[in-house]
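Undergrad: here you go, sequence then predicted model.
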Amino acid sequence: MAACHQDSVGPDGQVAVADAGRVPDRVGNGRRDAHDADLADALWRPRENSSAIGRHLGHQAHVAHFVIRNLTAAEPSPDPELDGLMDSENPEQFRGTLPTIRRLTDFRTTVAERVHARIGDIAAGRVGAATQLTIVAAHLLTTLVNHEYQHDQWISEVRARDLGHALPPDPDSGHVRRIDGYLGVDNL
């Protein structure tokens, strides 16, 4: 999957709301997505009380939808049964069984579509308080991209260290850099 495209980040490092359609591979899909993880990888955990890779993949999408849903629109969850499983508030031992790769992929795809539809509506001014929501959406997209990078780092490291997969290259962008060991859109 591609990372945050260089032309989606403005000269000031901001993720451009109007260019949200150009960042589909970041929000809701991740650098190492569910298509890249086979079942054994998705269910694997480094320790008993550690989250499985598949849970991190679902959590990324859960957070993206939760943030967009609660801060820009009143929209129901695309899969309410997954909410408790993907919420970090719940301790690992109480989260339940991971869904199938297909269900996880469908969840991530639906979330990505909903995030982009909502951001597209904001960018096109098809919402109330469009100017204010444009500011909110730019910060939300930056936050969501950086959250994805945080989980992608963990997934990539454990896949490389424990499962023998090669680390993916860092994105080629002047606006994405390593901050405390994590990739991030640096617009501060």
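TA: Received the coordinates, thanks.
Undergrad: centre of the chain to the longest helix seen in the chain, how far?
TA: Ranked by residue count and defined by DSSP state H, the top helix of the chain is helix 130-163. On the basis of CA atoms, centre = their mean, to the nearest Å, helix 130-163 is displaced by 5 Å from the centre of the chain it belongs to.
Undergrad: show me what the lowest-mean-pLDDT helix or strand in the chain is packed against.
TA: For the chain, using mean pLDDT, DSSP states H and E, the weakest element among its helices and strands is helix 39-43, scoring a mean of 73. Applying 3 or more CB pairs under 8 Å, 6 or more residues apart in numbering; DSSP states H and E, one finds that helix 39-43 contacts helix 53-72, helix 101-123. Using the backbone N, CA and C atoms, a C-beta is placed for each residue, glycine as well.
Undergrad: of these, which approaches residue 140 most closely?
TA: helix 53-72 (5.8 Å; CB to CB).
Undergrad: could you pull up the mean pLDDT of stretch 69-86?
TA: Stretch 69-86 comes out with an average pLDDT of 86.
Undergrad: count the neighbours of residue 87 for me.
TA: Look at residue 87: counted by other CB atoms under 10 Å, it has 13 neighbours.
Undergrad: so it makes contact with residue 58?
TA: No: at 10.0 Å, residue 87 and residue 58 do not qualify as touching, with contact defined as CB atoms under 8 Å.
Undergrad: which residues touch residue 82?
TA: By CB atoms under 8 Å, 6 or more residues apart in numbering, residue 82 lies in contact with 58, 62, 99, 103, 107.
Undergrad: neighbour-wise, give me the winner out of those residues.
TA: Neighbour tally across these (other CB under 10 Å): the maximum, 27 neighbours, falls on residue 58.
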